[in-house]
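> sequence and predicted structure are below.
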Amino acid sequence: MTLFLSREDLTGLLSTAEVVRAVEEIHLDLGLGTMTQGPPALLASGVGDAVLLPMAALSDRLGLAVVKLMCDIPENRERGLPPQRSTLLVSSTVTGECVAVLDGAVLTRQRTAAASAVATAHLARADSRTLGLVGAGALAVEHVRALTEVRAFERVVVWTRSEQTLVDFALACDELGLDLPLTRATSAYDVVAQSDVVCTLTPSRTPVVEGRWFRAGQHINAVGAPPRPTHREIDAEGIARSELFVDSASTSMAKSGEILLAIAEGALPPHPGLRELGAVVAGRDPGRVDPDAITLFNSVGIGAQDLAVAALAIDRARLTGVGTDLPMTAPQLQDAGQQPG
């Protein structure tokens, strides 16, 4: 039987700490070269501005492979639908059985924040005390949840254009029970000026953060821009001033506007030699060496992260009886030599 896990099934199924651990472990596998990432792909629709992004990964350690289809459809806002939707299909690498089909909304938000937490754990200064957020939607709440697992933040500074979004964010943070003072910044600049770790979490096409605002010792997680070559949250100066780390060099060079536009504008060389987070986790890259360095993690999102969290969710769902079994698995052939027609 194939397990189906809906958005409702996945909400609250996993703890933040175990998601962060799972994402760190999968980056370790990537750094050690013990798992396989599919090549980056981007499928542009001939209708509207829709882009579909298949992501694939295989882990022998987990005995599983995933294919995730992420759909970025800006026109959905006008339809009253989420602009991004995704579905994951997980199969056994031993039998090829379709183990599970999972809605991607919750898992994508969790693994994205967890990747920022792993980057923060390995790249931000240990004495970082102020967390800054540019953007205050659901992904911002998830980042507060995840990053407080890896650093002892004493306050959160946030900026958003929407008053209602800020109210919702504050209520959601209260429900986390973290007892962190929340400061509303007057601008994106104000966030950067006050913060030790900054997360950009807006679906922006053009820069909302300027590199001239960065100061020595900061760590930046660039997260929110859709994975398109023409979208970015941080300008070319910010990319050029920072020590750059990415989840996947090949994916960043195919999809990241942050990187590709900085190259196009001459702020980076054509082949910038991007450093991968997995190499840092595995100890093959020292990461931050200079306490005054500005480090920046450019998060595009990769199938390995999806696989890590999907595998965790499938195990937990089986243990707790969550989800729905679907009869999608092929019947066992009576004759081992028989081939299906």
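Yep, it's here.

> can we go C-alpha only for contacts and neighbour counts from here?
Fine.

> who's in contact with the nearest residue to Ala293 once chain neighbours are set aside?
Distance criterion Cα to Cα, 6 or more residues apart in numbering; nearest residue to Ala293, sequence neighbours excluded, is Gly217 at 5.1 Å. Going by Cα atoms under 8 Å, 6 or more residues apart in numbering, Gly217 touches Ala124, Arg125, Asp196, Pro291, Asp292, Ala293, Ile294, Thr295.

> between those residues, which sits nearest Gly323?
For the contacts of Gly217, the residue nearest Gly323 by Cα to Cα is Ala124; the value is 37.8 Å.

> any idea how far Ala282 lies from His27?
8 Å (Cα to Cα, to the nearest Å).

> so which of the two has more stuff around it?
Taking neighbours as other Cα atoms under 10 Å, Ala282 and His27 compare with His27 leading, 27 against 18.

> helix or strand right after the strand or helix carrying that one?
Assessed by DSSP states H and E, His27 sits inside helix 16-32. Later in the chain than helix 16-32, the nearest helix or strand by DSSP H and E is strand 35-37.

> can you give me the offset of that next one from its chain's centre?
The chain centre lies 17 Å from the centre of strand 35-37; the measure is Cα atoms, centre = their mean, to the nearest Å.

> list the strands paired with the helix or strand just after that strand, with their directions.
Remark: after strand 35-37, the chain's next helix or strand is strand 43-44, criterion DSSP H and E. Strand pairing for strand 43-44, determined by DSSP bridges: strand 51-59 (antiparallel).

> now the strand it pairs with: average pLDDT?
Across strand 51-59, the average pLDDT comes to 96.

> do the same with stretch 81-90
For stretch 81-90, mean pLDDT is 96.

> repeat for stretch 109-124
Summarised as a single mean, pLDDT over stretch 109-124 is 99.

> and for that stretch, what's in contact with it?
16, 19-20, 23-24, 138-139, 142-143, 146-147, 149-151, 197, 217-219, 221, 223, 277, 280-281, 287-288, 295, 297, 299, 301, 305-306, 309.

> are any of those buried, and which?
16, 19-20, 23-24, 139, 142-143, 146-147, 149-151, 197, 217-219, 221, 223, 277, 280-281, 287-288, 295, 297, 299, 301, 305-306, 309 (16 or more other Cα atoms under 10 Å).

> now, the residues you listed that are in strands?
Val197, His219, Asn221, Thr295, Phe297 (DSSP state E).

> buried stuff in the helix or strand hosting Tyr189?
Assigned by DSSP H and E, Tyr189 falls within helix 188-194. Using 16+ other Cα under 10 Å as the test for burial, helix 188-194 gives Ala188, Tyr189, Asp190, Val191, Val192.

> Asp292 - how many residues pack around it?
12.

> actually Arg109, not the one I wrote
Applying other Cα under 10 Å, we find 16 residues neighbouring Arg109.

> in three-state terms, label it for me.
Counting by DSSP: H, G, I helix; E, B strand; the rest coil, the backbone at Arg109 sits in helix.

> do the same with Ala225
Here Ala225 takes the coil state, with states given by three-state DSSP.

> what pLDDT does the residue nearest to it when sequence neighbours are not counted get?
Sequence neighbours aside, Pro203 is the residue nearest to Ala225 in space, at 4.6 Å (criterion: Cα to Cα, 6+ apart). Turning to Pro203, the model gives it a pLDDT of 93.

> for stretch 202-215, measure first residue to last.
21 Å.

> just read off the phi/psi values of the most centrally placed residue in the chain.
Per Cα atoms, centre = their mean, the C-alpha nearest to the average position across the chain is that of Thr112, at 2.2 Å. Backbone torsions of Thr112, given as degrees, to the nearest 10, read phi -70, psi -50.

> where's it relative to Thr34, distance?
From Thr112 to Thr34 the distance is 21 Å (Cα to Cα).

> so the residue nearest to Ala225 makes contact with Ala222?
No. Assessed by Cα atoms under 8 Å, Pro203 is found out of contact with Ala222, at 11.0 Å.

> so Ile234 sits against Gly257, correct?
No. Ile234 lies out of contact with Gly257 (Cα under 8 Å); the separation is 9.3 Å.

> can you add distance to Met253 and give the contacts of Gly217 back as TSV?
Output for these, formatted as TSV (distance: Cα to Cα, whole Å):
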residue	distance to Met253
Ala124	24
Arg125	27
Asp196	27
Pro291	28
Asp292	27
Ala293	23
Ile294	21
Thr295	19
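
> make a PyMOL selection of the buried ones in these.
Selecting only the buried entries of the contacts of Gly217 in PyMOL, with 16+ other Cα under 10 Å as the criterion:
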select buried, resi 124+125+196+293+294+295
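
> which of the contacts of Gly217 lies closest to Ala313?
Distances from Ala313 to the contacts of Gly217, taken by Cα to Cα, are shortest for Ala124, at 28.5 Å.

> from Met70, how far off is the closest residue to Leu182 other than its chain neighbours?
Spatial nearest neighbour of Leu182, chain neighbours left out: Val156 (5.0 Å); criterion: Cα to Cα, 6+ apart. For Val156, the distance to Met70 (Cα to Cα) stands at 30 Å.

> cool, Leu268 as well?
From Leu268 to Met70 the distance is 28 Å (Cα to Cα).

> again with Arg275
With Cα to Cα as the criterion, Arg275 and Met70 are 25 Å apart.
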